[in-house]
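Peer 1: Give the three-dimensional model of this entry:
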Amino acid sequence: MNIYDLPTVLTVGGVEYAIRTDFRAVIDVLKYYADTEYESDEKALICLMILYEDFDSIPCESYNEALERAVEFIDYGKSDHGSAKVSEPAFMDWEQDAPLIISAVNAVAKTDIRSLPYLHWWSFLSWYFEIPHDCLYSTVLCVRQAKRKGKLESWQKEFYKANRDIVDLKKRKSAEETAAAEEWKAAVNTLFGKK
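Peer 2: Got it, this is the predicted structure:
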């Protein structure tokens with residue numbers, strides 16, 4: 001992919017397929033990838049269904065290639081996915097951090113991107129990469145990273161103490177954990193005669 005263009009199609013098996021390129025569609029894909037209630041193959045299928053406008057026309061035997069092209073598109077045209085360590089914990093969450101991200105990108109873009117009827121994912125990423133180090137979102141990421149290393153400076157400790165709710169990444173529950181919690185609630189409610 002040429003990063004100087006804004007691609008609207010991906011070539012899979014020699015055939016061009018139109019894709020949804022608006023930043024909202026890609027963030028939806030990223031939210032599903034972060035959701036522990038879905039297995040890897042389910043996440044891959046959801047990605048394909050969201051990203052490809054005519055997903056049904058892609059032959060099943062081309063799904064792997066379609067997913068490779070989709071991930072390459074999401075990664076701003078990069079195809080060297082082997083270097084990332086899957087086991088590394090995330091420092092951000094697209095869903096939880098959305099208000100901070102939108103605010104920071106708005107400042108760079110000098111407009112409220114939510115009001116734009118369409119914004120190509122790569123244009124969004126260009127603004128995202130230019131988020132300044134002195135904004136709230138960058139500060140939250142900095143504190144998360146320092147906290148993970150166990151080396152918080154005094155200002156970071158104070159910031160964390162005052163902003164724990166936005167610094168701590170909420171742990172998503174798996175389907176089993178959610179079901180177990182519901183069973184526990186039902187048992188407690190039965191025990192105390194609640195409905």
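
Peer 1: center of this protein - which residue?
Peer 2: Central residue of the chain (Cα atoms, centre = their mean): Leu30, 3.3 Å from the mean position.

Peer 1: where does that residue land in three-state SS?
Peer 2: Classification of Leu30 using DSSP: H, G, I helix; E, B strand; the rest coil returns helix.

Peer 1: where in the protein is pLDDT low?
Peer 2: 1, 80-89, 172-195 (pLDDT under 70).

Peer 1: residue ranges of the helices in it, please?
Peer 2: Ranges of helices in the chain, per DSSP state H, are 23-34, 40-51, 63-74, 98-109, 121-129, 136-149, 154-162, 164-167, 175-191.

Peer 1: Quick check: buried residues in the second one?
Peer 2: Taking 16 or more other Cβ atoms under 10 Å as the basis for neighbour counts, the residues of helix 40-51 that come out buried are Lys43, Ala44, Leu45, Ile46, Cys47, Leu48, Ile50, Leu51. To be clear about C-beta, it is placed using only N, CA and C from the backbone, and glycine gets the same treatment.

Peer 1: Identify the bridge partners of Ile19.
Peer 2: Tyr52 (DSSP bridges).

Peer 1: The residue nearest to Tyr118 when sequence neighbours are not counted and Glu153, how far apart?
Peer 2: What sits nearest to Tyr118 in space, not counting adjacent residues and going by Cβ to Cβ, 6 or more residues apart in numbering, is Asp22, at 5.4 Å. Distance, Asp22 to Glu153, using Cβ to Cβ, to the nearest Å: 39 Å.

Peer 1: Same drill for the two, tell me which one is more crowded.
Peer 2: Asp22 (17 against 11; other Cβ atoms under 10 Å).

Peer 1: need the contact list for the more buried one.
Peer 2: Residues in contact with Asp22, defined by Cβ atoms under 8 Å, 6 or more residues apart in numbering, are Tyr118, Leu119, His120, Trp121.
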